[in-house]
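Student: Pasted the sequence and its predicted model underneath.
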Amino acid sequence: MNIGVGVGIIILKDGKILLGKRNSDEEKTSSLLNGAGKWTLPGGKLHFGESFEEAAEREVFEETGIKIKDTAVICINNDIVEDAHFVTIGLLCENFEGEPEIKEDSITEWNWFLLNEIPEPLYFPTKKVLDNYLKKKFYIKKEKLLYLDDSYLKEFDAKVVKVENNKVILNQTAFYPESGGQPADNGKIICNNIEYNVIDVKKEKGEVIHYVDKEGLNVNDKVKGTIDWERRYKLMKMHTAAHILSAIINKMTGALITGNQLGIDKSRIDFDLEEFNREELKDYFNAANDVVKFDLAIKSYTVKREEAEADGNLCKLAKGLPSGLKELRIVEIDIFDKQPDGGTHVAWTGEIGKIIFLDAENKGANNRRVYFGLE
């Protein structure tokens, strides 16, 4: 038995949803999922070579005469009955032209319904798509993390794919989420000339969530993101400085990193060392600043986990390589150092300025902390 793939499209207008009444004559509905006489979303089968969005546009126009734009996938459902198996792709559309007309014998009428007045009985796949929408159980394509390819990107265009109160997920983002000791970016998301301040960014269950200072954004909104560049650039310089300093100390002592926290004015790195000699620390900082003065190029790329594990000098972390990743992003300082890392960095070590020793302290057995800043 073959598995079919279809699309069901939620079209919204003024808080109402478009539903059609399927013909009660089973021969005219041509449905294997017992849809005769039931209310349904516009939609149908995916044709060979079509994207989900292309299938949605074609099916809606063929069934209703409406031209839809800017659709977004919101759910994927597995619809199985005794003699049929379909995968239904649910899409959402709020941008369209025209009003519904009866175009095919399979539908006897089209009507707009309030979301709290949806008629019964509902076609099985339609019910599941609507349940997902009403319960906000959305399928989200993995968003593109623009900061991984370009740390200097200050502005970007995106589309809202999920909203929950003041938590917003975009289809792509240049905002760095708090991770690996690097604080989250701040900035703004702008939509229809309204500014939403991004006050925090976190990565939860694989999704980058932007916390904004007020509600108002909706799924499918086209937005512009702007990064607080002064803050970001300071953190980029701090992050690259941390790599240089940790690499120097690792080369000189063999010490591995047990913790770190970057800041705008002051950062720290923890090492698994029995003790620090302050005179030796000055030598480490002088060596780090020599690397800065050489103005070495910095690049990033990905390698397979097996390759990373085979390089004994790659990981400077006491806990080892991050678990569960088949590929690792590597940040390389030309001829000097390579480390697995997911953060943002400058392109040349000369951008850092000067790395300044601030303090060192004992944080317990075999744990020494170094504080540093930049000038």
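Tutor: Looks like it came in fine.
Student: Give me the distance between residue 367 and residue 275.
Tutor: Computed as CB to CB, to the nearest Å, the residue 367 to residue 275 distance reads 11 Å. Heads up, the C-betas are built off the backbone N, CA and C, glycines and all.
Student: ditto for residue 135
Tutor: Taking CB to CB as the measure, residue 135 and residue 275 are separated by 57 Å.
Student: One more: residue 205?
Tutor: Distance of residue 205 to residue 275, computed by CB to CB: 41 Å.
Student: and what of residue 334?
Tutor: As judged by CB to CB, residue 334 and residue 275 stand 33 Å apart.
Student: Name the residue in the two with the higher neighbour count.
Tutor: Applying other CB atoms under 10 Å to residue 334 and residue 275 shows that residue 334 carries more neighbours, namely 14 against 8.
Student: so the more buried one sits right up against residue 295, yeah?
Tutor: No. The criterion here is CB atoms under 8 Å, and residue 334 misses it with residue 295 at 9.8 Å.
Student: ok, now which ones touch the residue nearest to the spatial centre of the chain?
Tutor: In the chain, the C-alpha closest to the average C-alpha coordinate belongs to residue 143, at a distance of 3.5 Å (CA atoms, centre = their mean). Contacts for residue 143 (CB atoms under 8 Å, 6 or more residues apart in numbering) come out as 161, 169-173, 207-208.
Student: Now the phi/psi pair for the closest residue to residue 321 other than its chain neighbours, please.
Tutor: Excluding the flanking residues, the one nearest residue 321 by CB to CB, 6 or more residues apart in numbering is residue 315, at 5.4 Å. Backbone torsions of residue 315, given as degrees, to the nearest 10, read phi -90, psi 130.
Student: want to throw the contacts of residue 143 into TSV with distance to residue 84?
Tutor: Listed next are the contacts of residue 143 as TSV, based on distance: CB to CB, whole Å:
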residue	distance to residue 84
161	30
169	33
170	36
171	32
172	37
173	39
207	33
208	38
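Student: Which two of these have the greatest separation?
Tutor: 172 and 207 (12.5 Å; CB to CB).
Student: In three-state terms, how would residue 276 be classified?
Tutor: Here residue 276 is recorded as coil under DSSP: H, G, I helix; E, B strand; the rest coil.
Student: Could you measure from it over to residue 126?
Tutor: For residue 276, the distance to residue 126 - CB to CB - is 67 Å.
Student: Between those two, which is the more surrounded one?
Tutor: Counted by other CB under 10 Å, residue 276 and residue 126 do not tie: residue 126 has more neighbours, with 26 against 19.
Student: measure that one to residue 162 for me?
Tutor: For residue 126, the distance to residue 162 - CB to CB - is 21 Å.
Student: Show me where this protein dips below the pLDDT cut-off.
Tutor: 1-2, 27-34, 81-82, 138-142 (pLDDT under 70).
Student: And it, split by domain according to the record?
Tutor: 4-134, 144-227, 232-374 (automatic domain parsing).
Student: Quote the end-to-end distance of the first one.
Tutor: Right, the one you point to is domain 4-134. 25 Å (CA to CA, to the nearest Å).
Student: How about the second one?
Tutor: Between the opening and closing residues of domain 144-227 we find a distance of 16 Å, counting by CA to CA.
Student: The spatially closest residue to residue 259 that is not a sequence neighbour pairs with what?
Tutor: Closest residue to residue 259 apart from its sequence neighbours, by CB to CB, 6+ apart: residue 270 at 3.9 Å. Under DSSP bridges, the beta-bridge partners of residue 270 are residue 259, residue 369.
Student: Return the residues in contact with residue 270.
Tutor: The contact partners of residue 270, by CB under 8 Å, 6+ apart, come to 257-260, 363, 367-370.
Student: From residue 322, how far off is it?
Tutor: Using CB to CB, residue 270 is found at 18 Å from residue 322.
Student: Ok, residue 273 next?
Tutor: From residue 273 to residue 322 the distance is 23 Å (CB to CB).
Student: swap in residue 49?
Tutor: In terms of CB to CB, residue 49 sits 38 Å off from residue 322.
Student: which non-adjacent residue is nearest residue 300?
Tutor: That would be residue 331: by CB to CB, 6+ apart, it lies 5.0 Å from residue 300.
Student: ok, that neighbour - contacts?
Tutor: 243, 298-300, 338-341, 343, 345.
Student: if we go to 6 Å?
Tutor: Counting by CB atoms under 6 Å, 6 or more residues apart in numbering, residue 331 touches 300, 339, 341, 345.
Student: Equivalent analysis for residue 187, please.
Tutor: Neighbouring residues of residue 187 by CB under 6 Å, 6+ apart: 198, 226-228.
Student: and with 10 Å instead?
Tutor: Each residue near residue 187 by CB atoms under 10 Å, 6 or more residues apart in numbering is listed here: 154-155, 174-175, 195-199, 201, 210, 225-229, 231-232.
Student: Please list only the buried members of those residues.
Tutor: Those of the contacts of residue 187 that meet the buried threshold are 174-175, 196, 198, 201, 210, 225-228, 232, by 16 or more other CB atoms under 10 Å.
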